[in-house]
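Peer 1: Dropping the sequence and predicted coords here.
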Amino acid sequence: MGESNSSNVPPGAPKAGWKLTIEDLFKNDLVRTFRRDFHDLYAFYLDRERREKLAAMGWLRRGIWLSAWLLKSMLLKLTPARQLLFILSVVFFFTPQITWDQGNLHFNLEARLLGFFIILLVLMLELKDKLLAKDELAVGRAVQMALLPDRAPEIPGWDVWLYTRPANDVGGDLVDYLDVGGGRTGLALGDVAGKGLGAALLMSKLQATLRALAPGARDLAGLGGQVNRIFCRDGLPNRFATLLYLELAAGGGGPVRLLNAGHLPPLAIRAAGVDTLAPVAAPLGVLIDETFTEQTIDLAPGELLLAYSDGLTEAHNIHNELYDDARLLALAPELHGLSAEAAGRRLLADVDRFAGEARARDDLSLILIRRM
């Protein structure tokens with residue numbers, strides 16, 4: 001009878017009937033959500049320097065300074081009119097509530113109620129702004145998803161898998177493929193500096209530029225120069241993009257041709273180990289006269305080429321530890337012999353297990369290529 005009851009208890013449920021233990025409480029999804037939200041709030045309102053100062057304080061002093069810094073940071077993010085309303089609400093809320101008149105006590109609730117309704121008004125205005133922005137981002141996400149491929153290309157002789165996961169509603173990573181003629185297929189993995197709507201708009205520009213120029217490009221070095229000049233001409237200050245562009249020949253013949261403009265070097269995962277190619281040019285939009293170089297990499301049957309954005313190696317957990325290159329290189333040999341999709345899923349599972357409850361801070365994108 002006891003064994004039957006225990007087998008019906010779902011994972012994460014209390015261990016002894018209805019008695020909730022501290023361990024069970026912290027396994028609860030609701031508690032994990034609150035804990036993650038508090039961590040995000042802490043990271044959003046306090047910069048790294050202030051977080052380091054807090055860590056060096058005692059618990060009492062830390063609580064006082066944390067409350068003051070959070071209040072100040074929150075206040076500075078409001079518009080001037082809402083800052084004034086917020087200050088008025090605090091003044092009204094803490095107005096003395098008890099008065100003495102001819103031997104009788106009088107409780108004055110009007111000031112406190114007025115303070116409550118003012119702060120409620122500020123919250124409603126902030127929520128309105130957020131909902132409007134969220135609606136606009138939802139439309140932007142729908143447009144962005146329509147521009148990105150919904151499936152991997154089918155290239156004779158090659159097994160290809162594409163993946164992208166924005167950190168926010170819209171992302172600044174580009175994952176795309178296109179037929180460039182002559183039995184060749186181009187694959188692009190780009191990463192625009194920053195994230196959010198601004199990065200997404202520049203990502204769309206990079207995608208449109210590549211699709212227009214790649215089919216007519218004589219070589220990849222020339223293609224890099226053309227795209228770079230357009231980004232330097234039309235780009236914004238302090239905005240640039242890294243790009244890894246690869247071309248595959250149908251039938252699996254010949255090496256993988258690639259252009260690397262400041263992007264993380266891809267990994268060639270072989271039975272004997274892991275090889276890398278270093279980037280040989282600056283990102284797009286930095287130097288108008290930058291020289292680009294076409295590189296090649298040979299893959300034997302069964303070998304994998306892994307291209308990724310920095311959202312992979314810079315994935316972090318709640319302790320602000322990074323997944324980093326060392327973990328990726330340690331896992332890479334285990335991906336050999338897997339299909340492109342299976343290797344990608346294995347890698348994502350390892351990153352997600354490491355990140356745990358932490359929210360993603362950057363877009364994560366992958367292209368995996370396996371020679372059949």
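Peer 2: On my side now, so go ahead.
Peer 1: now the strands: where do they sit in the chain?
Peer 2: For the chain, applying DSSP state E gives strands covering 98-101, 104-107, 158-165, 173-181, 184-192, 241-249, 256-261, 267-270, 273-276, 294-297, 304-308, 364-371.
Peer 1: and those strands as a markdown table, adding mean neighbour count?
Peer 2: For the C-beta atoms, the positions are set from N, CA and C on the backbone; glycine is no exception. Shown next, in a markdown table, are the strands of the chain (neighbours: other CB atoms under 10 Å):
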| stretch | mean neighbour count |
| --- | --- |
| strand 98-101 | 8 |
| strand 104-107 | 8 |
| strand 158-165 | 20 |
| strand 173-181 | 20 |
| strand 184-192 | 24 |
| strand 241-249 | 24 |
| strand 256-261 | 24 |
| strand 267-270 | 21 |
| strand 273-276 | 14 |
| strand 294-297 | 16 |
| strand 304-308 | 25 |
| strand 364-371 | 24 |
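Peer 1: okay if I get those strands as TSV plus distance to M57 and mean pLDDT?
Peer 2: Shown next, in TSV, are the strands of the chain (distance: least, CB to CB, whole Å; pLDDT from 0 to 100):
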stretch	distance to M57	mean pLDDT
strand 98-101	35	57
strand 104-107	38	55
strand 158-165	37	93
strand 173-181	39	90
strand 184-192	37	92
strand 241-249	39	93
strand 256-261	45	94
strand 267-270	43	94
strand 273-276	43	90
strand 294-297	51	93
strand 304-308	39	95
strand 364-371	35	94
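Peer 1: I'd like these laid out as JSON lines, including distance to R51.
Peer 2: What follows is the strands of the chain, written out as JSON lines (distance: least, CB to CB, whole Å):
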{"stretch": "strand 98-101", "distance to R51": "40"}
{"stretch": "strand 104-107", "distance to R51": "42"}
{"stretch": "strand 158-165", "distance to R51": "27"}
{"stretch": "strand 173-181", "distance to R51": "28"}
{"stretch": "strand 184-192", "distance to R51": "27"}
{"stretch": "strand 241-249", "distance to R51": "29"}
{"stretch": "strand 256-261", "distance to R51": "34"}
{"stretch": "strand 267-270", "distance to R51": "33"}
{"stretch": "strand 273-276", "distance to R51": "34"}
{"stretch": "strand 294-297", "distance to R51": "41"}
{"stretch": "strand 304-308", "distance to R51": "29"}
{"stretch": "strand 364-371", "distance to R51": "24"}
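Peer 1: Can you say which of those is nearest to L46?
Peer 2: With respect to L46, and counting by CB to CB, the nearest of those is strand 364-371 at 25.2 Å.
Peer 1: so A152 makes contact with V160?
Peer 2: Yes - with contact defined as CB atoms under 8 Å, A152 counts as touching V160 (4.9 Å).
Peer 1: which residues do these two both contact?
Peer 2: Contact criterion CB atoms under 8 Å, 6 or more residues apart in numbering; residues shared by A152 and V160: Y177, A340.
Peer 1: what separates D352 from A315, distance-wise?
Peer 2: Taking CB to CB, to the nearest Å as the measure, D352 falls 8 Å from A315.
Peer 1: what does T79 give?
Peer 2: Distance, T79 to A315, using CB to CB: 35 Å.
Peer 1: Neighbour count for those two, which is higher?
Peer 2: Shown here are T79 and A315; by other CB atoms under 10 Å, A315 has more neighbours (23 against 12).
Peer 1: Now the phi/psi pair for the more buried one, please.
Peer 2: Backbone torsions of A315, given as degrees, to the nearest 10, read phi -60, psi 140.
Peer 1: Now for it: which residues touch it?
Peer 2: By CB under 8 Å, 6+ apart, A315 lies in contact with L322, Y323, V351, F354, A355, A360, D362, L364.
Peer 1: Give me the ChimeraX select line for those residues, limited to the buried ones.
Peer 2: Selecting only the buried entries of the contacts of A315 in ChimeraX, with 16 or more other CB atoms under 10 Å as the criterion:
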select :323,351,354,355,360,362,364
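Peer 1: I'd like to know which of the contacts of A315 are part of helices.
Peer 2: Filtering the contacts of A315 for membership in helices, criterion DSSP state H, returns V351, F354, A355.
Peer 1: Could you report the pLDDT at the second one?
Peer 2: For F354, the model assigns a pLDDT of 92.
Peer 1: pLDDT value on the residue lying closest to it once chain neighbours are set aside, please?
Peer 2: Counting by CB to CB, 6 or more residues apart in numbering, Y323 is the residue found nearest to F354 once chain neighbours are left out, at 5.4 Å. pLDDT for Y323: 93.
Peer 1: is it true that Y323 touches Y308?
Peer 2: No - counting by CB under 8 Å, Y323 does not reach Y308; the two are 10.8 Å apart.
Peer 1: And for W59, the neighbour number?
Peer 2: 6.
Peer 1: And for V91?
Peer 2: The tally of other residues near V91 (other CB under 10 Å) stands at 13.
Peer 1: Give the ranges of residues in the chain that sit below the confidence cut-off.
Peer 2: Along the chain, segments meeting pLDDT under 70 span 1-34, 36, 95-109, 136-146, 169-170, 235-236.
Peer 1: Longest helix in it, please.
Peer 2: For the chain, the longest helix by residue count, based on DSSP H, is helix 110-147.
Peer 1: How far away from the center of its chain is that one?
Peer 2: Chain-centre distance of helix 110-147: 22 Å, with CA atoms, centre = their mean, to the nearest Å.
Peer 1: counting contacts, what elements does it pack onto?
Peer 2: helix 80-93, helix 197-213 (3 or more CB pairs under 8 Å, 6 or more residues apart in numbering; DSSP states H and E).
Peer 1: Format these as JSON lines; extra columns: distance to M57.
Peer 2: Below are the helices and strands packed on helix 110-147 laid out as JSON lines (distance: least, CB to CB, whole Å):
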{"stretch": "helix 80-93", "distance to M57": "25"}
{"stretch": "helix 197-213", "distance to M57": "36"}
